[in-house]
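Engineer: After the sequence you'll find the predicted model.
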Amino acid sequence: MTRREWLAMISAAPLVRAAGSSDAPAAPVSIARCASYDEDVTATLGTMFDQLGGLEKLVRNKTVTIKLNMTGAPSQRVNGLAPSLTHYVHPKLVGATAYHLGRAGATRIRFVESPWAYAGPMEDVMLDSGWNPRALLGAAKGVEFENTNALGRSKSYARFKVPGNAYMYPAFDLNRAYEETDVFVSLAKLKNHETCGVTLSLKNCFGNLPASIYGKDAGVDEPNENPKSGRDAVGHYGRRQPSKSAPQELHFGANHDPGCRVPHIVADLVAARPIHLQIIDGVESIAGGEGPWIRGVRVVKPGVLLAGLNPVCTDAVATAVMGYDPRAMRGTAPFKTCDNTLVLAEGHGIGTTDLKRIEVRGTAIAQALYRYDS
């Protein structure tokens with residue numbers, strides 16, 4: 001395959017696959033107004049879960065793993081504000097999630113994240129972020145934390161194969177926390193992303209990739225269990241392959257455009273490691289990018305929470321709440337310089353981006369609308 005053939009294929013893939021979107025699964029999405037974290041977030045989240053049919057059938061007597069969104073170092077701030085008021089999920093929502101999972105009968109609740117350039121205990125990152133790990137541990141029985149940037153408590157990595165035709169990678173090697181679970185949850189933030197347009201429940205899972213294997217300083221042959229860099233070199237730019245112990249990129253060197261690469265990698269990841277429940281924190285956030293390192297980001301207060309049972313459906317509704325068309329293609333906001341991750345995931349048959357097929361429960365999209373580009 002020549003470079004020209006590869007670029008033509010990867011550009012056309014979303015359009016070809018989206019043609020079958022009417023067959024993609026659909027699931028309801030709940031929206032709730034929540035003006036601030038001082039409100040009863042636990043009660044609001046409970047009502048949303050009830051609107052989705054309750055959690056008991058999904059989690060009773062099961063292990064639940066929740067991927068947090070804590071992107072960037074805790075020291076990086078927007079206007080000096082705590083990260084949870086801008087680009088991190090808020091600990092009150094994390095605690096409320098643990099409470100409801102425990103109440104619904106989950107026996108093990110594991111919060112995971114791959115913090116920027118760090119492979120130590122998750123509790124340290126939480127403390128540096130102004131969180132109280134003890135309070136989260138007390139929110140329900142069986143709560144624990146795992147840093148998935150490396151092996152952590154495990155002795156080996158788990159391999160997740162991409163079903164069907166992969167866009168970028170045939171499989172991924174991840175921390176075993178993503179395998180040793182019955183239910184996987186993406187707890188994301190409602191915000192823009194410089195590379196992907198929006199970062200919601202789908203893009204949140206880019207952080208599943210361990211820096212020990214997919215980081216700039218990952219080992220060449222075997223993982224580097226003390227990584228100190230991010231995943232840009234492998235994921236965003238394709239400047240190097242992951243450690244040889246893991247499956248390699250299918251067409252390495254053919255494409256170095258982050259706006260193409262990252263959305264395709266995320267779609268592959270979510271196809272390989274499905275998300276069963278999505279929760280999106282849009283109470284307070286930022287617009288214009290995913291973190292304080294992006295020039296021009298600004299604080300926003302949409303005052304909204306979203307939850308759903310299909311990540312494409314949930315992200316489609318969330319994108320609409322942000323004032324965008326969830327089916328927009330490259331060149332149209334918010335996907336001005338990137339491919340649409342939602343449509344790519346739809347192409348894998350994960351879910352539909354068609355708002356007409358998605359039942360919205362609770363608050364209507366029009367009532368929750370907060371235009372991020374205004």
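Structural biologist: Everything's here; your move.

Engineer: ok, and Arg159, which helix or strand is that part of?
Structural biologist: Using DSSP states H and E, Arg159 falls within strand 158-161.

Engineer: Could you point out the helix or strand that follows that strand?
Structural biologist: strand 171-174.

Engineer: tell me the mean pLDDT for that following strand?
Structural biologist: Across strand 171-174, pLDDT averages out at 98.

Engineer: One more: stretch 180-193?
Structural biologist: Mean predicted confidence for stretch 180-193 is 98.

Engineer: ok, and for it, which residues are buried?
Structural biologist: For stretch 180-193, the neighbour count (16 or more other C-beta atoms under 10 Å) marks 181-193 as buried. The way it works is simple: take the backbone N, C-alpha and C, and place the C-beta from them, glycine included.

Engineer: I'd guessed Gly308 sits against Val29; true?
Structural biologist: Yes - here Gly308 reaches Val29: they are 4.0 Å apart, a contact under C-beta atoms under 8 Å.

Engineer: nearest residue to the residue nearest the centre of the chain other than its sequence neighbours?
Structural biologist: Nearest residue to the geometric centre of the chain (C-alpha atoms, centre = their mean): Asn204, 1.6 Å. Closest residue to Asn204 apart from its sequence neighbours, by C-beta to C-beta, 6 or more residues apart in numbering: Ala188 at 4.0 Å.

Engineer: Strands along the stretch 101-250 of the chain, start to end?
Structural biologist: In the stretch 101-250 of the chain, the segments counted as strands under DSSP state E, counting those that start in this stretch are 108-113, 143-147, 158-161, 171-174, 183-189, 191-193, 197-199.

Engineer: TSV please, covering those and showing distance to Thr63.
Structural biologist: What follows is those, written out as TSV (distance: least, C-beta to C-beta, whole Å):
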stretch	distance to Thr63
strand 108-113	4
strand 143-147	10
strand 158-161	14
strand 171-174	16
strand 183-189	7
strand 191-193	29
strand 197-199	26
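
Engineer: between those, which one is nearest to Met322?
Structural biologist: With C-beta to C-beta as the criterion, Met322 lies closest to strand 197-199 of these, at 6.6 Å.

Engineer: Please compute how far the closest one lies from its chain's middle.
Structural biologist: 10 Å (C-alpha atoms, centre = their mean, to the nearest Å).

Engineer: counting contacts, what elements does that strand pack onto?
Structural biologist: strand 191-193, helix 311-321 (3 or more C-beta pairs under 8 Å, 6 or more residues apart in numbering; DSSP states H and E).

Engineer: Go again with 7 Å.
Structural biologist: strand 191-193 (3 or more C-beta pairs under 7 Å, 6 or more residues apart in numbering; DSSP states H and E).

Engineer: ok, now how distant is Leu200 from Lys92?
Structural biologist: 19 Å (C-beta to C-beta, to the nearest Å).

Engineer: Who has more neighbours out of the two?
Structural biologist: Neighbour totals were compared for Leu200 and Lys92, and Leu200 leads with 30 against 20 (other C-beta atoms under 10 Å).

Engineer: mind checking how far the more buried one is from Gly362?
Structural biologist: On the measure of C-beta to C-beta, Leu200 and Gly362 end up 17 Å apart.

Engineer: Please apply the same query to Thr65.
Structural biologist: 26 Å.

Engineer: okay, those two: which has more neighbours?
Structural biologist: Set Thr65 next to Gly362 and count neighbours by other C-beta under 10 Å: Thr65 wins out with 24 against 21.

Engineer: That one contacts Thr181, correct?
Structural biologist: Yes - Thr65 lies in contact with Thr181 (C-beta atoms under 7 Å); the separation is 3.9 Å.

Engineer: neighbours of Asn79, just the number please.
Structural biologist: 11.

Engineer: Can you read off the backbone torsions of it?
Structural biologist: Phi and psi for Asn79, reported as degrees, to the nearest 10, are phi 60, psi 30.

Engineer: which stretches of this structure form helices?
Structural biologist: For the chain, helices defined by DSSP state H occupy the ranges 3-18, 41-51, 56-59, 91-103, 122-128, 133-137, 211-214, 258-272, 311-321, 341-347, 365-368.

Engineer: Would you mind giving those helices as TSV with mean pLDDT and distance to Ile286 added?
Structural biologist: Shown next, in TSV, are the helices of the chain (pLDDT from 0 to 100; distance: least, C-beta to C-beta, whole Å):
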stretch	mean pLDDT	distance to Ile286
helix 3-18	44	27
helix 41-51	98	19
helix 56-59	98	31
helix 91-103	98	16
helix 122-128	96	19
helix 133-137	97	23
helix 211-214	98	24
helix 258-272	98	19
helix 311-321	98	15
helix 341-347	98	19
helix 365-368	98	18
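
Engineer: how about the strands of the stretch 101-250 of the chain, which one is nearest Leu127?
Structural biologist: Judged by C-beta to C-beta, the one of the strands of the stretch 101-250 of the chain that comes nearest to Leu127 is strand 143-147, at 11.3 Å.

Engineer: partners of the closest one in the sheet?
Structural biologist: strand 108-113 (parallel) (DSSP bridges).

Engineer: now the strand it pairs with against strand 183-189, angle please.
Structural biologist: Orientation check (axes from the mean of the first three to the mean of the last three C-alpha atoms, to 10 degrees): strand 108-113 against strand 183-189 gives 40 degrees.

Engineer: Now do strand 108-113 and helix 91-103, the angle between them.
Structural biologist: 150 degrees.

Engineer: Pull the residues that contact strand 108-113.
Structural biologist: 63-68, 70, 94, 98, 101-102, 122, 140, 142-148, 177, 207 (C-beta atoms under 7 Å, 6 or more residues apart in numbering).

Engineer: cool, and stretch 81-100?
Structural biologist: 37, 41-42, 45-46, 49, 55, 66, 68-72, 74, 77-78, 109, 111, 129-132, 135-136, 139-140, 143, 187, 189, 191, 279, 281, 283-286, 290-292, 299.

Engineer: Alright, that wraps it up for me.
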